[in-house]
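Participant: could you work out the structure for the sequence below:
(chains A and B)
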Amino acid sequence: MLYYLSMFFQYISQYMKTRFQYRANLFVEFFSDLMSQAVNFIFILIVFGHTSLLHGWNRDEIIFIYGFFLVPFAVFSSFFNIWDFNERYIVKGELDRILTRPIHSLFQIVLERMELESLLGGLTGLVVMFYSGSRLGLEIKWYDPILFLVFVIGGALVYGGVFVLIACISFWADARTDIMPMMYNISNYGRYPVDIYNSVIRFVLTWILPFAFVGVYPAAYFLGKKEWSSYVFLTPFMGILFFTISIFVWNQGVKRYRGAGN
Amino acid sequence: MDKYLEMIRIRFLMMLAYRTNYYTGILIYSINIGAYYFLWTAIYGGKHHMVGLSVIQMTTYVAVSWMARAFYFNNIDREMAMEIMEGKVAVELIKPYNYLGMKTMQGLGEGIFRLLFFSVPGLIIVSLLFPVKFTWNPTVWGLFGISILLSFFINTQLNLLTGITTFFFFNNSGLIRAKRVIIDLFSGLLLPISFFPGWAQNVMKYLPFQGISYIPSMIFTNGFSHQQAMNAIWQQFMWVVVLVLPIQLLWYIAKKQLIIQGG
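Facilitator: Residues are numbered from 1 along each chain as shown, chains lettered A, B, ... in the order given. Have a look, this model is predicted:
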């Protein structure tokens, strides 16, 4: 465990060095990340210029959900940058190299592919949450930060679990698929209250691709929406469940892997 | 001229070879349209009209603007950035054609392919799933056709501009991403320009972005009167002409100070 931790920090220091090579581009990337977050924010603001309630949720509540969503999403996108797993590791045979490394193959890939600058999105999320939270007059109790951390980790694990599972498809079917971008689009559904969707989509977002646990369910707790409380506390369990399943499937997949390329 | 037509054909055939990608692509766009459909019905929440558009018109707007995107969207900027970074652009420059013209034609080949194999079947599928209303007025279809062709040119010109900046910045993945986000919002893909507050609409009147998505989609959903549509198309055309200038200027400067980073 200690060994894994020291590996983690060594990779981070290497990572910093490479990123600061193209400083100007790094700056523009920060800026473009911030802008894509702003676009969704502006969308909400403009829409609520024309209506006061969205299925019973007001403007600041929707903004709060979006702010919360940004935090686990930032954690996820910093560490699980595996959307091109198929091309990069399976088709090109890079996984051969990964498997010769002394640490777990998934962990090795996480280290190689991390993009720490995405963490900044979490900061934006916090700012957005405090902004809308203060407008709503939400109070912070002493245990809220702890719950927040638990929900963020749970949400990031839900995301990680789903995307690792999709990456695992490559072990069985080596044809290129576009399922990854599809998932990114579906995950956007979790940013809005699930009660605006029909029951089929709501079921999928809760139990099959549980993206609702990354946004609306945990955020509903902080907003004091009692009717969602049974879902709220499922968040960490869904995260652990999906992530454990994904690691199990991953290990099975690695056993099946035959190698490609040279 | 022949060589440019040939380039369109080659790109078309190249895309045809990878057509399975497009079946999943249609699914991705349908999912997107679905998300916005539910969101918009919740936003309307019983109201019949908003800013002059009914719910059905809004759904049609969303469906058409995504499907039109398949036609005008291309990754020319990223391709150019790759070619410049890898130094391949040196070989491209000595070939007997205009590099920028060739890139535009490749984009057009891709666009025509997606129009036939993506937008048309996609629109049929979407119209079965969601309450989308098509007009059968041939004038509207004609104007829409002209309008999306112009939106292809505006979008491609902006892509060329972004691509050329690689000559100056060497690595501009951030800029390419930023440009994409700006276009998504200001072109009217995510929500019609008429929903923006008044001051923002005034600013956007002087920008080329609404010519990319808002104008063709409004024409298609009958959100514009005939006169408005004609004016909007004229405006698009003017932008196509105006944008030639900065492209030629930057291209001229770029060629002067070209550094090949490898090769």
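Participant: how close does A:Ile44 sit to B:Thr162?
Facilitator: Using CB to CB, to the nearest Å, A:Ile44 is found at 27 Å from B:Thr162. Where you see a C-beta, it was placed from the backbone N, CA and C, and this is true even at glycine.
Participant: just the strands in the stretch 51-200 of chain A please.
Facilitator: A:53-54, A:57-58 (DSSP state E, counting those that start in this stretch).
Participant: swap in chain B?
Facilitator: B:49-50, B:53-54 (DSSP state E).
Participant: and these, which one's lowest on average pLDDT?
Facilitator: Of all these, strand B:49-50 carries the lowest average pLDDT, namely a mean of 86.
Participant: for the helix or strand bottoming out on mean pLDDT in chain A, list the C-alpha coordinates in CSV.
Facilitator: One helix or strand of chain A scores below all others by mean pLDDT, DSSP states H and E: helix A:179-187, with a mean of 73. Extracted as CSV, the C-alpha positions of helix A:179-187 are listed here (Å, rounded to 0.1, in the frame of the first residue of the first chain):
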residue,chain,number,x,y,z
ILE,A,179,-19.8,3.6,-26.6
MET,A,180,-17.5,5.9,-24.6
PRO,A,181,-18.7,9.2,-26.0
MET,A,182,-22.2,7.9,-25.8
MET,A,183,-21.7,7.4,-22.1
TYR,A,184,-20.4,10.9,-21.7
ASN,A,185,-23.7,12.2,-23.2
ILE,A,186,-25.8,9.9,-21.0
SER,A,187,-24.0,11.1,-18.0
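Participant: any buried residues in that helix, and which?
Facilitator: The neighbour-count check on helix A:179-187 (16 or more other CB atoms under 10 Å in any protein chain shown) flags A:179-180, A:182-183, A:185-187 as buried.
Participant: same deal with stretch B:197-215?
Facilitator: In stretch B:197-215, counting by 16+ other CB under 10 Å, buried: B:204, B:208-215.
Participant: what about residue 163, neighbour count?
Facilitator: Just going to use chain A. 23 (other CB atoms under 10 Å in any protein chain shown).
Participant: chain B, not that one
Facilitator: When neighbours are counted by other CB under 10 Å, B:Gly163 registers 30.
Participant: residue in the stretch 101-250 of chain B nearest to chain A?
Facilitator: Closest residue of the stretch 101-250 of chain B to chain A, CB to the nearest CB: B:Gly174 (3.2 Å).
Participant: contacting residues for that residue?
Facilitator: B:Gly174 is in contact with A:25-32, counting by CB atoms under 8 Å, 6 or more residues apart in numbering or on different chains.
Participant: without its sequence neighbours, what residue ends up closest to it?
Facilitator: A:Val28 (3.2 Å; CB to CB, 6 or more residues apart in numbering or on different chains).
Participant: do you know how far the one you found is from A:Glu117?
Facilitator: Distance from A:Val28 to A:Glu117, by CB to CB: 11 Å.
Participant: same question, A:Gly259
Facilitator: Distance from A:Gly259 to A:Glu117, by CB to CB: 33 Å.
Participant: look at the two and report which has more neighbours.
Facilitator: Taking other CB under 10 Å, A:Gly259 and A:Glu117 do not tie; A:Glu117 has more neighbours (16 against 10).
Participant: so the more buried one makes contact with A:Arg19?
Facilitator: Yes. Look at A:Glu117 against A:Arg19 with CB atoms under 8 Å: they come within range, at 7.0 Å.
Participant: mind listing the shared neighbours of those two?
Facilitator: With CB under 8 Å, 6+ apart as the test, A:Glu117 and A:Arg19 both reach A:Leu26.
Participant: the strands of chain B into CSV, with extra columns for distance to B:Ile148 and mean neighbour count?
Facilitator: Shown next, in CSV, are those (distance: least, CB to CB, whole Å; neighbours: other CB atoms under 10 Å in any protein chain shown):
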stretch, distance to B:Ile148, mean neighbour count
strand B:49-50, 25, 16
strand B:53-54, 19, 18
